[in-house]
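**Student:** Attaching a predicted model along with its sequence, questions to come.
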Amino acid sequence: MPKKRNTRRPGAARRRILGVLLLVALVAGGLAWWKARTWMPDRRDYAVQGVWLSDDDGPIDWRLLRAAGADFAYLTASEGTSTRDAAFADGVIAARQRGIQVGAVHVYDLCAPADAQAANFVTIVPREKDLLPPAIRLDIDSRTCPQVPGEAQMQSELTTFLNQVEKHAEKPVILMVSRGLEKEYHLAARIDRNIWVAQNFLAPTYAGRPWVMWTASDRLRLDASTRPVHWVVVQQ
């Protein structure tokens with residue numbers, strides 16, 4: 001009897017294999033995307049966790065934020081010499097009503113006068129002992145400062161700013177230092193303050209010394225907000 005011909009073409013088998021691999025990749029990518037939106041560091045590693053918010057995050061449901069595990073909230077209060085966060089004062093009240101500790105953040109402008117920036121911060125942030133230590137956001141932003149100052153000038157201006165803010169707050173600040181700014185100025189080694197670092201999912205080492213706070217995710221989705229939030233943990 002004549003042998004039956006094999007009509008299966010090699011190209012069809014390869015396409016089926018590629019299709020299966022593509023499906024697996026899509027499923028894995030979907031799971032990674034979902035995990036990135038919901039991931040928080042383990043409470044066994046970081047018992048104290050919270051958020052960093054500004055009015056850009058839109059309305060916050062503080063009851064749901066507390067239920068999600070926020071022990072504290074750092075609220076952006078001011079930026080540069082004149083910008084003030086419209087949601088700051090109401091946010092302080094709302095957070096406290098839910099038993100959430102509150103701290104204030106100033107977004108520092110490398111090109112703006114230190115005195116004027118400090119005045120902007122102390123105008124909006126009250127002198128209250130119950131507030132957490134002020135956090136100073138330090139980053140290189142070409143929109144506000146296209147020509148960054150040299151190391152000596154930057155450190156001199158920042159020291160002036162810190163002296164005035166710490167006199168008002170009556171406690172040392174926390175330096176929220178970005179990777180880019182730390183590479184440029186090496187502040188962690190030059191200024192003796194607690195350090196706040198940022199990197200999604202993996203604790204960073206760019207500060208070169210132990211940090212106190214870490215923004216572990218800037219894409220966490222919670223029912224408390226319509227937008228992703230910055231989730232922060234404390235190292236104790």
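**Tutor:** Right, received. Where do you want to start?

**Student:** tally of neighbours for the nearest residue to residue 169 once chain neighbours are set aside?
**Tutor:** Leaving aside its sequence neighbours, residue 169 sits nearest to residue 134 (Cβ to Cβ, 6 or more residues apart in numbering; 5.2 Å). Glycine gets a C-beta too; all of them are placed from N, C-alpha and C. Residue 134: 23 surrounding residues under other Cβ atoms under 10 Å.

**Student:** what pLDDT does residue 134 get?
**Tutor:** Residue 134 is assigned 98 on the pLDDT scale.

**Student:** Would you map the strands across this structure?
**Tutor:** 49-53, 72-79, 83-84, 101-107, 135-138, 174-177, 194-198, 213-220, 229-234 (DSSP state E).

**Student:** Tell me where the model's unsure across this structure.
**Tutor:** 1-10, 18-35 (pLDDT under 70).

**Student:** rerun at 80
**Tutor:** The chain contains residues with pLDDT under 80 at 1-37.

**Student:** any chance you could map the helices in it?
**Tutor:** With helices called from DSSP state H, the chain shows them at 10-38, 62-67, 88-97, 114-124, 151-169, 179-185, 187-190.

**Student:** got those as TSV, with distance to residue 145 and mean neighbour count columns?
**Tutor:** Shown next, in TSV, are these (distance: least, Cβ to Cβ, whole Å; neighbours: other Cβ atoms under 10 Å):
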stretch	distance to residue 145	mean neighbour count
helix 10-38	31	10
helix 62-67	33	17
helix 88-97	23	17
helix 114-124	12	19
helix 151-169	10	16
helix 179-185	11	17
helix 187-190	15	15
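
**Student:** Present the ones you listed as JSON lines; the columns should include distance to residue 228.
**Tutor:** Output for the helices of the chain, formatted as JSON lines (distance: least, Cβ to Cβ, whole Å):
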{"stretch": "helix 10-38", "distance to residue 228": "8"}
{"stretch": "helix 62-67", "distance to residue 228": "13"}
{"stretch": "helix 88-97", "distance to residue 228": "17"}
{"stretch": "helix 114-124", "distance to residue 228": "25"}
{"stretch": "helix 151-169", "distance to residue 228": "29"}
{"stretch": "helix 179-185", "distance to residue 228": "20"}
{"stretch": "helix 187-190", "distance to residue 228": "27"}
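
**Student:** of these, which approaches residue 142 most closely?
**Tutor:** Closest approach to residue 142 among the helices of the chain is made by helix 179-185 (10.6 Å; Cβ to Cβ).

**Student:** could you say what helices and strands the closest one packs with?
**Tutor:** helix 151-169 (3 or more Cβ pairs under 8 Å, 6 or more residues apart in numbering; DSSP states H and E).

**Student:** Pull the contacting residues for the nearest residue to residue 92 once chain neighbours are set aside.
**Tutor:** Leaving aside its chain neighbours, residue 92 sits nearest to residue 102 (5.0 Å; criterion: Cβ to Cβ, 6+ apart). Residues near residue 102 by Cβ atoms under 8 Å, 6 or more residues apart in numbering: 72-75, 91-92, 95-96, 130-132.

**Student:** about what we covered before: so the residue nearest to residue 169 versus residue 89, what's the distance?
**Tutor:** According to Cβ to Cβ, to the nearest Å, residue 134 and residue 89 sit 16 Å apart.

**Student:** swap in residue 157?
**Tutor:** Taken as Cβ to Cβ, the span from residue 157 to residue 89 is 28 Å.

**Student:** got it, and residue 218?
**Tutor:** In terms of Cβ to Cβ, residue 218 sits 24 Å off from residue 89.

**Student:** same deal with residue 68?
**Tutor:** Using Cβ to Cβ, we find residue 68 at a distance of 23 Å from residue 89.

**Student:** Neighbours of residue 196, how many?
**Tutor:** 26.
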